[in-house]
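**Student:** give the three-dimensional model of this entry:
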Amino acid sequence: MLTPSITYGQMIELKGPQKTLSPAFTDEPPIALGPFKPTYESLKAYKGVFSLAVNAFSQEIISKERQYKADLGNGYYLNPIFKGDYGDPTLFRDGNDYYITHHSSPVNGQSMLIWHSKDLVNWEPVCYAVKEDLGGPIWAVDFLKYKDLYYMYLPVPARGTNYVITAPSPSGPWSKPIDLKVSGIDPGHIATPEGKRFLHVDNGYVVELADDGLSVLTPKKKVYEGWKYPEQWIAECFCMESPKLTYHNGYYYLTVAEGGTAGPPTSHMVVSARSKNPDGPWENSPFNPIVRNTSRTNQWWSTGHGTLVDSPDGKWWIVFHGYEKDYRNMGRQTLMLPIEWTSDGWYRVPKDVDIAKPIKKPIGTDIKSRLHLSNDFSGDKLDIFWDTYRGEESDRIQLKDNSMIMKAQGTSTINSRPILFKPLNNSYEVDVEVNTGEKSKGGILLHYSTTSSLGMELEKNTIYRLTGGVGRTKVTDVKPGDHVYLKVANDHQDALYFYSFDRKTWKRVDFVNNLNDFGKGTLRIGLYAAGEGEVTFKNFTYKGLPAENQAQVSESGKKVPGTVSETAEKRTYTNPVGASPIHIGDPLVIRNNGKYYL
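**Tutor:** Residues are numbered from 1 along each chain as shown. Take a look at the predicted model:
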């Protein structure tokens, strides 16, 4: 039992809460509380003091992996809805269900991972749609349902063409790719109410499709010149791409991207036009650009590549991608904003919506299914999150006795073709038990590219720190019979290296790389095996690390306002006074380092 008399600025330690609440910054006068047992239920019942606070309740992340979670648990979400390298989103609603996919991995083994949701915020993986080698990465696709069939239109610039695949269900089976023999990237499909079908591609071109959508009837024709943004804007290039089409109330709405996808923070943008016909002429929206970052100081950079989707209650949303400031190496992440329709038939983002603050969720239920990245290798095939080079899982990798056995290949990380996956936190650590043969070596990586990998390696009876390319530095010797555990961490863009012989006591290597300085591109986590023979991996563990401002309290004891944090066991939003839909001025409970504070 607790009977505190609270003075302003004081942090009161509580014991025993079963849930946690989002912290909020307050300058309210002192409040005296009567006795109460600080459980979630009693806080909820403590009307007049805690009733509004409970509305700000932030769900604890279910997984011990401390994964990022967009759903705040209070009817609001916080961008991104997909953390990590999930650029070029394309999605649609099918009844009460949503399906989405993104661009393919450069590794280009299985690709086009499909996800399912009931509320546009919480997602579960379904399957990969493409398992064939198409000669190069698949760029931004269009994913849709037409009549009773599901389609994906797939651009492969390396072959200068677009493919199409179909399936009776998002879970497959998906057909073999059919070559449409039409060039261009970022295809966008639209069908008229009468059944005529068209495929738009970049730079304002369109072709007419056959009734079944599996072949092209006409040559490419330019039908749209785009929207000319002001010359003084700092953008990478005009680069009109990502045509996505929506039919609504008698108009065809063409949503495109302009400004370049990976240039300055203020480059990429979403632009809209409409027409009475699927091939134009097009009238540009008076609200252009629909989405654009206007400052280098904002959290989300290069925002563009949007697709419209509606919810069953008639509300609309735009889903797009962007880079997070200071975390560009996470890749382009999937973001979402609400859309409103004007009385004269245009759409726009409401003026009071802030991309970096909590937003009211779409209707729907949390499917409560998560992608778990830790792996004990107990199944008969790799988990869905691993990217493998085409065809190599069956040739190189075997799961047996709760172990992954990888055939060694090449001489170093440069030519060993590691298996990789995308992290789901800005900061994280991964560790694994490694056992090598007489002529093999292997380990764990923070991987930008074949020539830019950092990590820890075991070869025979020696542990090394990998320094990029073929470089490495000896760390320590290993006694025969020792179990070897290797760990790497991305701690706020600093690469840390660890090893252990019992997985309880970890020794950190006396060297730190800054990941922003070391490499370019998207950072992934990897396992690799080189040399001759095999390398065995066991008990792979992923864990998100707390954000820099996890405590939400400065050294002076005052709370830090207006910040986003990924704490050890929850994700919360701290609000500056008067700047959030979360109510301000109520006492709230936070948790830090196993303790609870009021």
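**Student:** any idea which helix or strand in the chain has the lowest mean pLDDT?
**Tutor:** Ranked by mean pLDDT, DSSP states H and E, the helix or strand of the chain with the weakest confidence is helix 51-55, at a mean of 32.
**Student:** average pLDDT across the next helix or strand after that one?
**Tutor:** Per DSSP states H and E, the first helix or strand lying C-terminal to helix 51-55 is strand 76-77. On average, the pLDDT along strand 76-77 is 98.
**Student:** elements contacting strand 76-77?
**Tutor:** Where contact means 3 or more C-beta pairs under 8 Å, 6 or more residues apart in numbering; DSSP states H and E, strand 76-77 is packed against strand 359-360. Just so you know, the C-beta spots here come from the backbone N, C-alpha and C atoms, and that holds for glycine as well.
**Student:** strand partners (parallel or antiparallel) of the strand it packs on?
**Tutor:** Paired neighbours of strand 359-360 in the sheet (DSSP bridges): strand 76-77 (antiparallel).
**Student:** residue ranges with poor pLDDT in the protein?
**Tutor:** 1-63, 105-109, 369-370, 390-394, 548-598 (pLDDT under 70).
**Student:** once you drop chain neighbours, what's closest to the residue nearest the centre of it?
**Tutor:** Central residue check for the chain by C-alpha atoms, centre = their mean: the C-alpha nearest the mean position is that of Lys83, 2.5 Å away. Spatial nearest neighbour of Lys83, excluding adjacent residues (C-beta to C-beta, 6 or more residues apart in numbering): Tyr68 at 4.2 Å.
**Student:** surely Asp517 is within a strand?
**Tutor:** No - assessed with DSSP: H, G, I helix; E, B strand; the rest coil, Asp517 is helix; it does not lie in a strand.
**Student:** so the residue nearest to Leu180 when sequence neighbours are not counted bridges to which residues?
**Tutor:** Counting by C-beta to C-beta, 6+ apart, the nearest residue to Leu180 once its immediate chain neighbours are dropped is Asn162, at 4.8 Å. On the basis of DSSP bridges, Asn162 is bridged to Pro155.
**Student:** correct me, but Asn162 touches Tyr205?
**Tutor:** No - here Asn162 lies out of contact with Tyr205, judged by C-beta atoms under 8 Å, at a distance of 11.5 Å.
**Student:** shared neighbours of those two, which are they?
**Tutor:** Common neighbours of Asn162 and Tyr205 are listed as Gly184 (criterion: C-beta atoms under 8 Å, 6 or more residues apart in numbering).
**Student:** between the two, which has more neighbouring residues?
**Tutor:** More neighbours surround Asn162 than the other of Asn162 and Tyr205, with 29 against 18 (other C-beta atoms under 10 Å).
**Student:** show me what contacts the more buried one?
**Tutor:** Applying C-beta under 8 Å, 6+ apart, we find Asn162 in contact with Tyr153, Leu154, Pro155, Val156, Asp179, Leu180, Val182, Ser183, Gly184, Pro187, Leu199, Val201.
**Student:** ok, of those residues, which come out buried?
**Tutor:** With neighbours counted using 16 or more other C-beta atoms under 10 Å, the contacts of Asn162 contain these buried positions: Tyr153, Leu154, Pro155, Val156, Leu180, Val182, Gly184, Pro187, Leu199, Val201.
**Student:** just flag the most distant two among these.
**Tutor:** Based on C-beta to C-beta, the longest span within these runs between Val156 and Leu199 and measures 14.7 Å.
**Student:** gap between Gly84 and Ser175?
**Tutor:** Noted for Gly84: a distance of 29 Å to Ser175, by C-beta to C-beta, to the nearest Å.
**Student:** neighbour-wise, which of these two wins?
**Tutor:** Between Gly84 and Ser175, counted using other C-beta under 10 Å, Gly84 has the larger neighbour count: 23 against 16.
**Student:** ok, the more buried one touching Met330?
**Tutor:** Yes - contact criterion C-beta under 8 Å: Gly84 and Met330 qualify, at 5.8 Å.
**Student:** what sits in contact with each of these two?
**Tutor:** Contacts common to Gly84 and Met330, judged by C-beta under 8 Å, 6+ apart, are Pro423.
**Student:** domain ranges for this structure, per the record?
**Tutor:** Domains of the chain are assigned by automatic domain parsing as 1-60+569-598, 76-360, 392-544.
**Student:** make a markdown table out of the ones you listed and add distance to His372.
**Tutor:** What follows is the domains of the chain, written out as a markdown table (distance: least, C-beta to C-beta, whole Å):
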| stretch | distance to His372 |
| --- | --- |
| domain 1-60+569-598 | 16 |
| domain 76-360 | 10 |
| domain 392-544 | 8 |
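**Student:** can you name the next helix or strand after the helix or strand where Asn490 lies?
**Tutor:** Assigned by DSSP H and E, Asn490 falls within strand 484-491. Next helix or strand after strand 484-491 toward the C-terminus (DSSP H and E): strand 494-500.
**Student:** pull out the buried positions in that following strand.
**Tutor:** Neighbour-count burial for strand 494-500 flags Ala495, Leu496, Tyr497, Phe498, Tyr499, Ser500 (criterion: 16+ other C-beta under 10 Å).
**Student:** now render those as a markdown table, adding distance to Pro137.
**Tutor:** What follows is those, written out as a markdown table (distance: C-beta to C-beta, whole Å):
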| residue | distance to Pro137 |
| --- | --- |
| Ala495 | 26 |
| Leu496 | 31 |
| Tyr497 | 30 |
| Phe498 | 33 |
| Tyr499 | 35 |
| Ser500 | 37 |
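**Student:** just confirm Lys479 is within a strand.
**Tutor:** No - applying three-state DSSP, one finds Lys479 to be coil, outside a strand.
**Student:** which residues sit in contact with the residue nearest to it when sequence neighbours are not counted?
**Tutor:** Once flanking residues are discounted, Lys479 sits nearest to Asn461: 7.4 Å by C-beta to C-beta, 6+ apart. By C-beta under 8 Å, 6+ apart, the contact set of Asn461 is Asp477, Val478, Lys479, Pro480.
**Student:** and if you look at Gly188?
**Tutor:** Taking C-beta under 8 Å, 6+ apart, one finds Asp142, Tyr153, Leu199, His200, Val201, Ser242, Pro243, Lys244, Leu245, Leu254 in contact with Gly188.
**Student:** of the contacts of Asn162, just say which sits nearest to Thr450.
**Tutor:** Using C-beta to C-beta, Val156 comes nearest to Thr450 of the contacts of Asn162, at 21.3 Å.
**Student:** helix/strand/coil for the nearest residue to that closest one once chain neighbours are set aside?
**Tutor:** Distance criterion C-beta to C-beta, 6+ apart; nearest residue to Val156, sequence neighbours excluded, is Leu134 at 4.7 Å. Leu134 carries the three-state label coil when classified by three-state DSSP.
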